Structure formats: C-alpha cells, structure tokens
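S.K.: sharing a model that was predicted from the sequence below.
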Amino acid sequence: MNSRELPRRLLDRLATAHSVLVFTGAGMSAESGVPTFRGAEGIWSTFKPEELATMNAFLRNPQLVWEWYAHRRTIIATIQPNAGHRAVVAMEKLVPHVVIVTQNIDNLHRRAGSTTVYELHGNIERNYCVKCGSPHQPDAETAPVGVPRCASCGGLIRPDVVWFGEMLPEDEWNAAVRAANGADVCLSVGTSGVVYPAASIPSIARRAGALHVDVNPEPGPLSEAADEFIRGLAGEVLPDIVGRLEELRSRPNITEPEKGL
Ligand code: BJW
Ligand code: ZN
C-alpha cells in the first residue's frame, strides 16, 4: 500500500479519460538498468554526443560507434522491463486507448506488453545499410569482427536509431502527433525534455486540451510547462497512479471527460 499524494486534477481526469498518452524518455528504463543520457550518471557525462550519436561520427569512426551500440545491445538484452513499464501495460485494461510515445530505443515497452508503441528515435534491435537502406540482421554466430557490411551492396551497417541532425521516422511522428491531439491526459515520464521535436509532444497534447502531468525525480523544462509535476521514480509513481485508477474505474456513474482546462 502507498500513501503518495496524487494531484486531484489528474485523478478526476483519469476517472473518465478515453485516451491517455504516455510520453517516455531514458528515465523510464533507468530502474531496469539502462543508463540515462544527461546528468552526472548519464552516458553524455563520459561520451560526447557528437562523437557517437551523429552520422559524421559514424563515418569518421564506424568501429567505435558500432562497438558502443554493441555494448548497449548487450546490456539491453540482459535486463527486464520494470514496474513502470508494467504499470502502463496494466493501464490498458482501465482506459480505452493507451498510447506510448517513446524516445527510447530499448524495446522495453513492447517487451513489457504495451500494444501501441510509437518509437520516435528508432529501435536498437534493428539495423540498416547506409548505402542502399536494406534492413540487416547481424548473425551473432557468424558476425565478422568489426562493422558488418551489407550483403547486397557492401555498404556499412548502422543501427536503426535517430541521430542528431536526422529526421524522425515520419509514420511514427505523425501517429504520435495524432495521438497527442486526441489525448485526454498526457503523462511525460523520465525525460529531460530537451531534445526536439520529440519534446514538443506534451505541449501539442496540452494545446489540444489534454491535462499534462510530468513524472520525474528532478524538475526540468517539461515539469515547468506541465499542469502538474509529480516528483518521483517512474517505477514507483506509475504503479501508484494505476492503483488509484483501478479504484476510480471500479466506481459506478462515470461521466464524460471534461476537456480544455
Ligand atoms: C528518471 C529516473 C527514474 C532518471 N524515473 N525519471 C536547438 C533547438 C532545438 C532543436 C535543436 C537545436 N539544435 C539542434 C536541434 C535539433 C536536435 C536537438 O533537439 N538538439 C537539442 C539537444 C539542442 N534534434 C535533432 O537533431 C532531431 N532531429 C531533428 O531535429 O530533425 C530535423 C533536422 C534535420 C536535419 C537538420 C536539422 C534538423 C533528432 C534527435 C535525435 C536524438 N537522438 C538520441 C540518440 C538516439 C540513439 C541512441 O540512444 O543512441 O536520442 S540523443 C538522446 O536524447 C536519445 C534520447 O531519446 C534523447 C532524449 O533524452 P531523454 O530520454 O530525455 O534522456 P535524458 O538522459 O536527457 O533524461 C533522463 C531523465 O530521466 C532526466 O530528467 C532524469 O531526471 C530522469 N530520471 N531516473 C523517472 N527512475
Ligand atoms: Zn546495402
């Protein structure tokens, strides 16, 4: 049992919400053991983004970038979704439409069982050829040492993730914007909210009438812009929210959602 105070406005809106959008960042997976990017413990405190997360960095030193992603793949393959991921899966039984819009490339939302997941920055489990664009699945058994090459054209194989200066996948972005425009509640969870255009999803939802609630152990740009800020860890706050939602949804006389606050 927990005694965390949750904002009244959030509980009221969730009680009747038809559509909830959960917008997630690296903090969502932190309790699973995936490092975040920014902050004292983040990846960028050791590596510079421009040395690893740009196409120029890859072309300059494909081996370094490939090894960095291979290392992260190994971490991700050995960890599990956490209580936060499981809570948003449980929310699907309580709200007609739950959409996850994630900046994470770790596939943990799908592995946890969420059904509608839009990945704005790609997925580390996929790769493609920089020259001809063909998808490529490296074979761990027979993979040569070094950066794999495309079987059809010999081009370098890169991870299917979005680096700085690259466009977001159009279909995923359009679907995320549509979901933001139709949401009654937008929960942003575990993101510093500094990387655009992804970080504009909560403000798109809010402008369209959603209540925006930010969940993070530290305040930041998103918490300042949000209607409510819940200070705490994803793996603790999300189960609390879903627990309260279960109680609310089990009550009779649900009315239509009130929008446009
Ligand atoms: C917890 C927790 C717990 C911890 N529970 N919470 C100036 C202004 C505006 C935009 C730009 C600009 N200059 C350049 C741009 C564009 C650029 C950008 O936004 N840059 C800014 C950084 C300035 N954006 C782009 O380039 C994007 N593309 C684009 O704009 O295309 C158009 C274009 C095309 C051509 C030319 C120019 C423009 C693409 C962005 C791609 C980002 N890619 C990365 C790497 C992905 C692959 C990989 O993983 O290797 O995506 S960077 C990295 O940041 C990753 C993340 O998805 C992203 C966001 O980070 P996130 O998730 O917020 O993590 P953190 O670490 O920042 O925050 C973690 C949070 O969790 C913290 O708040 C903690 O407190 C919290 N936390 N434990 C809950 N248990
Ligand atoms: Zn190719």
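M.R.: Arrived safely, thanks for sending. Numbering: from 1, shown residues only. Ligands and ions are numbered 1, 2, ... in the order given.
S.K.: quick check: residues of this protein near ligand 1?
M.R.: Those residues of the chain that sit near ligand 1, judged by Cβ under 6 Å from any ligand atom, are 25-27, 30-31, 36-39, 42, 53, 103, 105, 121, 161-167, 190-192, 194-197, 216-218, 220, 233-234. To be clear about C-beta, it is placed using only N, CA and C from the backbone, and glycine gets the same treatment.
S.K.: in strands only, show me these.
M.R.: 161, 216 (DSSP state E).
S.K.: buried ones among the residues of the chain next to ligand 1?
M.R.: Buried residues within the residues of the chain next to ligand 1, counting neighbours by 16 or more other Cβ atoms under 10 Å: 25-27, 30-31, 36-38, 53, 103, 105, 121, 161-163, 190-192, 195, 216, 220, 233-234.
S.K.: geometrically speaking, which residue is the centre of the protein?
M.R.: residue 102 (2.3 Å; Cα atoms, centre = their mean).
S.K.: and it, what's its pLDDT?
M.R.: Residue 102 is assigned a predicted lDDT (pLDDT) of 99.
S.K.: how close does it sit to ligand 2?
M.R.: 28 Å (Cβ to the ion, to the nearest Å).
S.K.: bridged to the residue nearest to that residue when sequence neighbours are not counted, which residues?
M.R.: In this structure, residue 102 finds its nearest non-sequential neighbour in residue 24, 4.5 Å apart by Cβ to Cβ, 6 or more residues apart in numbering. Per DSSP bridges, the residues bridged to residue 24 are residue 102, residue 189.
S.K.: what's around residue 24, how many residues?
M.R.: The number of residues packed near residue 24 is 26, by other Cβ atoms under 10 Å.
S.K.: which secondary element of the chain has the worst mean pLDDT?
M.R.: Sorting the helices and strands of the chain by mean pLDDT, DSSP states H and E puts helix 49-52 at the bottom, at a mean of 79.
S.K.: after that helix, next one along is what?
M.R.: Downstream of helix 49-52, the first helix or strand assigned by DSSP states H and E is helix 55-60.
S.K.: what lies in contact with that following helix?
M.R.: With contact meaning Cβ atoms under 8 Å, 6 or more residues apart in numbering, helix 55-60 is reached by 50, 51, 64, 65, 130, 156, 158, 163, 165, 166.
S.K.: would you reformat those residues as CSV and include distance to residue 202?
M.R.: Shown next, in CSV, are the contacts of helix 55-60 (distance: Cβ to Cβ, whole Å):
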residue, distance to residue 202
50, 27
51, 30
64, 34
65, 30
130, 33
156, 36
158, 30
163, 23
165, 23
166, 22
